[in-house]
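Provided below are the primary sequence and the corresponding predicted coordinates.
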Amino acid sequence: MLQGIHKRKPLSPEHKAKISAALKGRSYVMLFGEEEAVKLKKVRSKFFKGRKLTEEQKKRISQRQKGIKNWHFGKHWSPEIKEKIKLSNIGKKRSSETKRKNSQASKRLWREGKMKNVKIFKVGQKPAHYGKHLPKITGPNHYNWKGGSNRIEITLRNSLEYQLWRRAVFKRDDFSCQDCGKRGGNLNADHIKSFAMFPELRFDIDNGRTLCVPCHKETETYGLNQYKIEKLRGEMIRI
């Protein structure tokens, strides 16, 4: 039995072409089974992690991919899928690391001249649609439309009665967040039942609670959270 390290004879281009033709269209699952395919993918992931391709390798990959169209080339998302994508992104916040990566990618594309058609706004410059009426995203077509009650709500929220209700809620809760227990700081007087949908409970102290800003944003009645839930359920919710 042969022992030791043996160098494998390099494959000829004809041999490589035959192997490629035989495996074309066949996935790891088809070749090795589902369990083995998962193991192989993990091994490949560890093997290539942190490795950087040389310029020659990048060039070969680029040449090999020329003329091959993306799998979704010429396809368009249906309105249902677009709506699902939109709803899945509502309320999501990108981490500082993601923002940094996006910024670096945009700067790189700009340096390479691939973003020349993108308009860069200067400080103080107004967008083209500034001051224009956009019916597609205004009034009942806006995602946060609540029956035209905004002006009334703004007037009520600036009224003396609202300020007294807010102060009474804070005083009753000892200026402490009723969720995490944090005392003082930037606090909000939250309506347990929506301010917009329950006008009769707007100044009811029992319908109020003190929350810090992070806890307030986690509630179902906070801004886009409520819109998202309403869309997913297909009906207006009443908490």
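Here it is on my side, so go on.

helices or strands up against the helix or strand where residue 86 lies?
Assessed by DSSP states H and E, residue 86 sits inside helix 79-89. Identification of packing neighbours for helix 79-89 by 3 or more C-beta pairs under 8 Å, 6 or more residues apart in numbering; DSSP states H and E yields helix 224-233. Backbone N, C-alpha and C define where each C-beta goes, glycine included.

residues in contact with the residue nearest to the spatial centre of the chain?
Note on the chain: the residue nearest the mean C-alpha position is residue 89, at 4.0 Å, using C-alpha atoms, centre = their mean. If you count contacts by C-beta atoms under 8 Å, 6 or more residues apart in numbering, residue 89 has none.

how much space is there between it and residue 82?
Distance of residue 89 to residue 82, given as C-beta to C-beta, to the nearest Å: 11 Å.

Could you do residue 184 as well?
Taking C-beta to C-beta, one finds residue 184 at 44 Å from residue 82.

Tell me how confident the model is about stretch 160-171, as a mean pLDDT.
Averaged across stretch 160-171, pLDDT comes to 91.

Could you measure from residue 42 over to residue 109?
From residue 42 over to residue 109 (counting by C-beta to C-beta), the distance is 32 Å.

wait, residue 71
Residue 71 is 23 Å from residue 109, by C-beta to C-beta.

repeat for residue 130
26 Å.

more crowded one of those two?
A count of neighbours by other C-beta atoms under 10 Å puts residue 109 above the other of residue 130 and residue 109, at 13 against 7.

Need the three-state assignment for the more buried one.
Here residue 109 is recorded as helix under DSSP: H, G, I helix; E, B strand; the rest coil.

Helix or strand: which one has the closest residue to it other than its chain neighbours?
The shortest distance from residue 109 to any non-neighbouring residue, by C-beta to C-beta, 6 or more residues apart in numbering, is to residue 115 (4.8 Å). Residue 115 is part of no helix or strand, with elements assigned from DSSP H and E.

Verify the contact between residue 115 and residue 108 for me.
No: between residue 115 and residue 108 there is no contact, the gap being 9.5 Å when judged by C-beta atoms under 8 Å.

more crowded one of these two?
residue 115 (14 against 11).

how much space between the more buried one and residue 104?
Distance from residue 115 to residue 104, by C-beta to C-beta: 13 Å.

mind checking which helix or strand of this structure has the lowest mean pLDDT?
helix 224-233 (a mean of 53; mean pLDDT, DSSP states H and E).

Residue 123 falls within a strand, correct?
No: looking at residue 123 with three-state DSSP, it is coil, so not inside a strand.

Neighbours of it, how many?
4.

How much space separates it from residue 191?
38 Å.

Repeat that for residue 211.
For residue 211, the distance to residue 191 equals 10 Å [C-beta to C-beta].
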